[in-house]
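S.K.: Predicted model and sequence below, questions to follow.
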Amino acid sequence: SLSFITFALPFNLIFIFFIFFIVYKSRMSNKIIIINGPNLNLLGEREQSQYGSLTFEKLKENCLNKSKELELTVEFAQSNIEGEIVNLIQNARKNFDGIIINAAAFTHTSVAIRDALEVYKKPIIELHISNIYKREKFRQKSLISDVVDGGIFGLGTDGYILAIISMHKLLKNEN
Ligand code: DQA
């Protein structure tokens with residue numbers, strides 16, 4: 001009857017709203033960005049003894065596969081330009097729930113990238129393919145380590161997969 005419909009309508013609306021909220025929420029906390037700094041686009045041809053033989057394209061594919069398996073949406077970005085990386089980090093505040101960053105050479109030089117990361121209030125993982133503490137003196141200092149949640153270094157390109165697994169856990173625990 002009509003009175004039943006008018007009675008039930010608000011409950012249906014609340015139910016529909018609730019479903020949208022759940023879907024929205026589950027999507028929201030599943031988007032991450034992997035940011036790669038200068039020269040990482042040359043993976044596979046560059047200093048194989050430090051960085052291995054996996055190409056950048058193949059690494060990207062492996063990261064996308066792992067993310068899919070964990071039901072994470074991942075954006076795999078690379079730039080040789082410091083300001084572009086700052087922009088990526090700033091935009092991530094709105095668009096991504098976590099950042100995995102291999103800032104490459106900028107790790108050791110960029111106050112701007114450090115400052116941008118400091119403003120980002122969600123999980124950040126620092127990543128290096130090589131063990132930066134076992135290399136030249138100028139690589140043994142990271143300007144970003146104390147503004148990130150955790151880091152991975154020296155485990156080769158597998159570090160990317162490990163970082164994705166850890167980020168997945170960090171985001172799950174937040175929900
Ligand atoms: C690196 C280490 C940096 O010192 C270097 O400049 C890179 C890559 C790494 O992944 O091991 O470009 O971040």
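M.R.: Right, received. Where do you want to start? Numbering: from 1, shown residues only.
S.K.: can you count the residues close to residue 139?
M.R.: Residue 139: 16 surrounding residues under other Cβ atoms under 10 Å. From N, CA and C alone the C-beta is placed, and that goes for glycine too.
S.K.: what's the average pLDDT for the helix or strand harbouring residue 22?
M.R.: With secondary structure defined by DSSP states H and E, residue 22 is part of helix 2-28. Throughout helix 2-28, pLDDT has a mean value of 78.
S.K.: Would you tell me what the next helix or strand after that helix is?
M.R.: Counting by DSSP H and E, the next helix or strand C-terminal to helix 2-28 is strand 31-36.
S.K.: Could you name the helices and strands sitting against that next one?
M.R.: Secondary-structure packing of strand 31-36 (3 or more Cβ pairs under 8 Å, 6 or more residues apart in numbering; DSSP states H and E): helix 56-69, strand 73-78, helix 82-95, strand 98-102, helix 158-174.
S.K.: one more time with 6 Å
M.R.: Secondary structure elements in contact with strand 31-36, counted by 3 or more Cβ pairs under 6 Å, 6 or more residues apart in numbering; DSSP states H and E, are strand 73-78, strand 98-102.
S.K.: most neighbours per residue, which of the ones you listed?
M.R.: Stretch with highest mean neighbour count among those: strand 98-102 (a mean of 26; mean count of other Cβ atoms under 10 Å).
S.K.: So which other helices or strands are in contact with it?
M.R.: Using 3+ Cβ pairs under 6 Å, 6+ apart, strand 98-102 sits against strand 31-36, strand 124-128, helix 158-174.
S.K.: out of those, nearest to the ligand?
M.R.: Checking the helices and strands packed on strand 98-102 against the ligand by Cβ to the nearest ligand atom gives strand 124-128 as the closest, at 3.7 Å.
S.K.: which of the residues in that closest one are buried?
M.R.: 124-128 (16 or more other Cβ atoms under 10 Å).
S.K.: for the ligand, what are the nearby residues on this protein?
M.R.: For the chain, the contact set with the ligand under Cβ under 6 Å from any ligand atom comprises 39, 102, 104-105, 107, 128-130, 132, 139.
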